[in-house]
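In: got a structure for you, letters missing:
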């Protein structure tokens, strides 16, 4: 049944016309590029918002030319108000978490390469696939609209904690229609991700080609599959949470608003709700979301490293089992985000234990990477550099998680920059390094041209050093009590920290500017890059067995047969030092 399904998967005709080929396309490869382009757009906007926040923190009275055109109320005369700073923070976090870290490594690369890596001609449900992108794109437009309404974006943060987010304009600017647009956007986004997750799962289970057993799938395919399983449950919880929040704001319900709440000297006409209910529902999604961002990057890094090392991993299967364990444990640790919410200390202990436990499979994966690198003659290129950089960021950010897993320590550090540094390094920057690694690795396959390696290495070193200059000092700021989400630091004990903030801000501007090297390299190489051979890295998985870029139906009407595991490197007696997955060449085990 599985093999038959794989052979009849392409139920739609070849695209005809510009609209069907490049806009409303059913081709999973075009949809993958659309997701990637959306993520690239979102990350550029998010980066500019972070620049504005850093600029305001260091020079709170300085004018930002032209900003008053975007918001006369939030930035009168170009000077950012404290409330507008919180609006920028909300939009930055929402764009980066949802539209960048979820879109690019999972929906972007996954859509493009998962069907190819399992030998399928397309996704199981091509029309659902197209729908998932355009639903996500509508969600993006709805969110961006919040910048252009008189109400402005919400000030509730990307976590939208109730009751601040649930009582409307009484709580502050942006919490009227701005908050409505936020809730509508995220609800629509959830629908798009649910459609995508169902498609990924069905494709992986039903459309594998002959010989492609589950354990012959590459690590990247496994990562996308596990992420889809997580997303199917995570977004199914966040969707109703957003609907309930919108109802509280507009329909007079009281899911998240308690009785007797006074906001702005006004008694709120609600009773019976619980703000903690929003926290439970949000973080039941929110912590699996961390792994929705990081697991695809782990799969990409494994795939890139083993190709660059030219030898098998110590145990690729253990990496797969560890990723499964991370996916399972991600559902039982959401409460560590709520240690300061007043929960029972016994409950805190129960959440602390699995939080520490989930570090075990992550550590196993890291040790396998490092152990495999030992003695390897690794090929240093832009893709492998960003893969190594991912390991560095993942370890550096992960170590600080041990502190936050302890309730007694987290209570002190929770509202400080320590959490900001940890979160950005272990989830944000690490996942983005995985995106960069995948881009440099798969760009020849996607575009049929090579990216410039000199520019790629320059981009890596500026980004790697700059990231440490930005986020490592955050941990120091948190340890000395620097509170996060403040728009200015006027308290006496925080005034001596301003030189550190100036250093971080300058590093942020330089590191952000370095990303335009990547943008130039990406665009220039797409049109004028050196033509790429079909398999420039001498890799073994199925995506490298076809021309670059792949034809419309991936394998030109043929259906590959898989004979080997995905990472047959260092094979003696073969024509090269590797054997392709679809090569009938026998391998002599030593």
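Out: Cool, the structure landed. In this text, all values refer to a predicted model and were calculated from it rather than measured experimentally.
In: Three-state assignment for residue 53, please.
Out: Secondary structure assignment for residue 53 (DSSP: H, G, I helix; E, B strand; the rest coil): helix.
In: Ok, the one 10 residues further on next?
Out: For residue 63, the reduced secondary structure class is coil; criterion used: three-state DSSP.
In: Can you report how many residues neighbour it?
Out: Neighbour count for residue 63, taken as other CB atoms under 10 Å: 14. Every residue, glycine included, has its C-beta placed from N, CA and C.
In: contacting residues for it?
Out: 77, 78, 79 (CB atoms under 8 Å, 6 or more residues apart in numbering).
In: Now list the buried members of these.
Out: Using 16 or more other CB atoms under 10 Å as the burial test, the contacts of residue 63 include residue 79 as buried.
In: can you give me the helices for the stretch 451-590 of the chain?
Out: Ranges of helices within the stretch 451-590 of the chain are 453-479, 498-528, based on DSSP state H, counting those that start in this stretch.
In: can you list these in CSV and add distance to residue 415?
Out: Listed next are the helices of the stretch 451-590 of the chain as CSV, based on distance: least, CB to CB, whole Å:
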stretch, distance to residue 415
helix 453-479, 9
helix 498-528, 17
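In: Out of those helices, which is closest to residue 121?
Out: helix 498-528 (24.7 Å; CB to CB).
In: Show me what the closest one is packed against.
Out: helix 28-58, helix 430-447, helix 453-479 (3 or more CB pairs under 8 Å, 6 or more residues apart in numbering; DSSP states H and E).
In: what's the closest of the contacts of residue 63 to residue 511?
Out: Once CB to CB is applied, the member of the contacts of residue 63 that ends up nearest residue 511 is residue 78, at 24.3 Å.
In: Check what pLDDT that closest one gets.
Out: Residue 78 carries a pLDDT score of 92 in this model.
In: Quick check on it: phi, psi?
Out: Note on residue 78: its backbone torsions stand at phi 90, psi 0 [degrees, to the nearest 10].
In: Just name the most buried of the helices of the stretch 451-590 of the chain.
Out: Of those, the one with the most neighbours on average (mean count of other CB atoms under 10 Å) is helix 453-479, at a mean of 19.
In: from the contacts of residue 63, which is closest to residue 65?
Out: Using CB to CB, the contacts of residue 63 come closest to residue 65 at residue 78, 5.9 Å.
In: How about the closest one, nearest residue that isn't a chain neighbour?
Out: Spatial nearest neighbour of residue 78, chain neighbours left out: residue 63 (3.7 Å); criterion: CB to CB, 6 or more residues apart in numbering.
In: For that neighbour, give its distance to residue 56.
Out: Relative to residue 56, residue 63 is positioned 11 Å away (CB to CB, to the nearest Å).
In: burial of residue 349, as a residue count?
Out: Residue 349 has 11 nearby residues by other CB under 10 Å.
In: Go ahead and confirm it touches residue 407.
Out: Yes: at 7.1 Å, residue 349 counts as touching residue 407 under the criterion of CB atoms under 8 Å.
In: What residues sit buried inside whichever strand or helix holds residue 279?
Out: Counting by DSSP states H and E, the element that carries residue 279 is helix 275-309. For helix 275-309, burial by neighbour count (16+ other CB under 10 Å) applies to 275, 278-309.
In: now for that helix, which elements pack on it?
Out: Judged by 3+ CB pairs under 8 Å, 6+ apart, the packing partners of helix 275-309 are helix 109-117, helix 219-250, helix 316-329, helix 359-373, helix 382-404, helix 430-447.
In: run the last query once more with 10 Å
Out: Applying 3 or more CB pairs under 10 Å, 6 or more residues apart in numbering; DSSP states H and E, one finds that helix 275-309 contacts helix 109-117, helix 177-206, helix 219-250, helix 316-329, helix 359-373, helix 382-404, helix 430-447.
In: would a markdown table of the ones you listed with distance to residue 20 and mean neighbour count be doable?
Out: Output for the helices and strands packed on helix 275-309, formatted as a markdown table (distance: least, CB to CB, whole Å; neighbours: other CB atoms under 10 Å):
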| stretch | distance to residue 20 | mean neighbour count |
| --- | --- | --- |
| helix 109-117 | 17 | 27 |
| helix 177-206 | 19 | 23 |
| helix 219-250 | 26 | 22 |
| helix 316-329 | 36 | 19 |
| helix 359-373 | 41 | 17 |
| helix 382-404 | 33 | 22 |
| helix 430-447 | 20 | 26 |
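In: For residue 132, which of those is the nearest?
Out: Across those, closest to residue 132 is helix 177-206 (CB to CB), at 4.0 Å.
In: what about that closest one, average pLDDT?
Out: So the average pLDDT for helix 177-206 ends up being 96.
In: Residue 68: which of the contacts of residue 63 is nearest?
Out: residue 78 (5.0 Å).
In: any idea how far the nearest residue to residue 325 once chain neighbours are set aside lies from residue 322?
Out: Leaving aside its sequence neighbours, residue 325 sits nearest to residue 361 (CB to CB, 6+ apart; 4.1 Å). When distance is defined by CB to CB, residue 361 is 4 Å away from residue 322.
In: Which neighbours do residue 63 and residue 56 have in common?
Out: 75, 79, 80 (CB atoms under 10 Å, 6 or more residues apart in numbering).
In: ok, for the first one, nearest residue in space, not its chain neighbours?
Out: This points to residue 75. residue 67 (4.2 Å).
In: again, but for residue 373
Out: residue 309 (6.7 Å).
In: Ok, residue 385 next?
Out: Leaving out its chain neighbours, residue 385 is closest to residue 460 (CB to CB, 6+ apart), at 4.5 Å.
In: ok, residue 477 to residue 413 distance?
Out: Going from residue 477 to residue 413 by CB to CB gives 11 Å.
In: Let me see the contact set for the residue nearest to residue 75.
Out: So residue 67 contacts 52, 56, 74, 75, 76, 77, 78, 79, 80, 84, 88 (CB under 10 Å, 6+ apart).
In: Same check on residue 23?
Out: 17, 30, 34, 130, 134.
In: For the residue nearest in space to the middle of the chain, which non-adjacent residue is closest in space?
Out: Centroid-nearest residue in the chain: residue 101, 1.7 Å away (criterion: CA atoms, centre = their mean). Once flanking residues are discounted, residue 101 sits nearest to residue 293: 3.8 Å by CB to CB, 6+ apart.
In: Need the pLDDT of that neighbour.
Out: The predicted local confidence for residue 293 is 94.
In: Against residue 428, how distant is it?
Out: From residue 293 over to residue 428 (counting by CB to CB), the distance is 8 Å.
In: residues bridging contact with these two, i.e. touching both?
Out: Joint contacts of residue 293 and residue 428 (CB under 10 Å, 6+ apart) are 96, 97, 100, 101.
In: Do you know the pLDDT at the second one?
Out: It stands for residue 97. For residue 97, pLDDT reads 96.
In: That one reaches residue 294, doesn't it?
Out: No: counting by CB atoms under 10 Å, residue 97 sits too far from residue 294 to count as a contact (11.9 Å).
In: overlap in contacts of those two?
Out: Shared contacts of residue 97 and residue 294, counting by CB under 10 Å, 6+ apart, come down to 427, 428.
In: Contacts only, for the residue nearest to residue 385.
Out: Contacts of residue 460 by CB under 10 Å, 6+ apart are 381-386, 388-389, 433, 436-437, 440, 514, 517-518.
In: what do you get for residue 186?
Out: 94, 98, 139, 142-143, 158, 160, 235, 238-239, 241-242, 245, 285.
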